[in-house]
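[1] Provided below for reference: sequence and predicted model.
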There are 2 protein chains.
Amino acid sequence: MGATKTEHFTDKQNAVATLTKALGHPARIAIIEYLIKVDSCICGDIVNELPLAQPTISQHLKELKNAGLIKGNVEGNAICYCIDEKAIAKLRDYFANMYIKLSKKNNCC
Amino acid sequence: MGATKTEHFTDKQNAVATLTKALGHPARIAIIEYLIKVDSCICGDIVNELPLAQPTISQHLKELKNAGLIKGNVEGNAICYCIDEKAIAKLRDYFANMYIKLSKKNNCC
DNA sequence: AGTGTTTATCGTAATATTGCAATATTAAAT
DNA sequence: ATTTAATATTGCAATATTACGATAAACACT
């Protein structure tokens, strides 16, 4: 045990969990927020921006990429990372819809 | 190592990460979705609903509660769990705002 | 007091995550 | 061809998470 039993849940539930799990770390939130802040989607600066070692940030970027939250474009010997808008749209829609459903109910507590 | 360096990030970033981390597991997504689906916020049924043992679900509920996503009301010997709308509203606003910022940029990739 | 029902906690095994030093890879620039 | 710069990968130690059996705690009802 220790492994998540993904097979017991729906594809949609697993898809949402993949996105939220990838965002479930302050460093990855900080990376996403930095990518939004900077005009051009420069990348290596993230290492200078965050108080984490380069391999650690590279690993966080990899996880964000695997989850589909960011895309990476090779530009010479540098890499240009930027956010995949579709993933953010999915999360926005998911929570907006959830809130609508909630407000239609009379929550007991 | 192995521990998240929360002290390096802002309170806001940690707060968002706490919420998304709590939702970063399909069982907890399933629990939240179940709590929305059922009319009354009955609780122990979750054990019957999900293919996980009772202690496992109790643990997941605890994490959702610690993150502030759900609230629990004791009702006799049962407990009535329900979603804290404010937490969902926070997530909705966070991602809606993020999407607006994104759409104002010209993403390079 | 005794019984059943519901939920929480403890203990523990299996696995995953976090973080970094060291090293490798890739590609531009000299 | 060497050097320099940017990023990725490997290997490893520390810690966290996931899952569950066993057990405890809390409460209602006889």
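    Yep, it's here.

[2] State the number of residues packed around the closest residue to DNA strand D within chain A.
    Minimum separation of chain A from DNA strand D (CB to the nearest atom of the strand) falls at A:G44, amounting to 1.9 Å. Placement of C-beta: from N, CA and C, glycine included. Number of residues near A:G44 (other CB atoms under 10 Å in any protein chain shown) recorded here: 14.

[3] That one contacts A:N77, correct?
    No. Using CB atoms under 8 Å, A:G44 is not in contact with A:N77, being 9.8 Å away.

[4] Show me what counts as buried in the helix or strand of chain A with the lowest mean pLDDT.
    Using mean pLDDT, DSSP states H and E, the weakest-scoring helix or strand in chain A turns out to be strand A:70-75, at a mean of 86. The neighbour-count check on strand A:70-75 (16 or more other CB atoms under 10 Å in any protein chain shown) flags A:70-72 as buried.

[5] Determine if any part of the helix or strand just after that strand is in contact with DNA strand D.
    Using DSSP states H and E, the helix or strand that directly follows strand A:70-75 along the chain is strand A:78-83. Yes. Residues of strand A:78-83 are located near DNA strand D by CB under 7 Å from any atom of the strand, namely A:78-79.

[6] What are the contacting residues of strand A:78-83?
    Strand A:78-83 has contacts (CB atoms under 8 Å, 6 or more residues apart in numbering or on different chains) with A:32, A:35-36, A:40-44, A:46, A:61, A:65, A:69-74, B:102, B:107-109.

[7] out of those residues, which are inside strands?
    If you go by DSSP state E, these have A:70-74 in strands.

[8] Using a markdown table, lay out those residues together with distance to DNA strand D.
    Converted to a markdown table, the ones in strands among the contacts of strand A:78-83 look like this (distance: CB to the nearest atom of the strand, whole Å):
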| residue | distance to DNA strand D |
| --- | --- |
| A:I70 | 10 |
| A:K71 | 11 |
| A:G72 | 6 |
| A:N73 | 10 |
| A:V74 | 8 |
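
[9] List, out of these, those positioned next to chain B.
    Residues of the ones in strands among the contacts of strand A:78-83 in contact with chain B (CB under 8 Å from any CB of the partner chain): A:71-73.

[10] Please consider this matter closed, and thank you.
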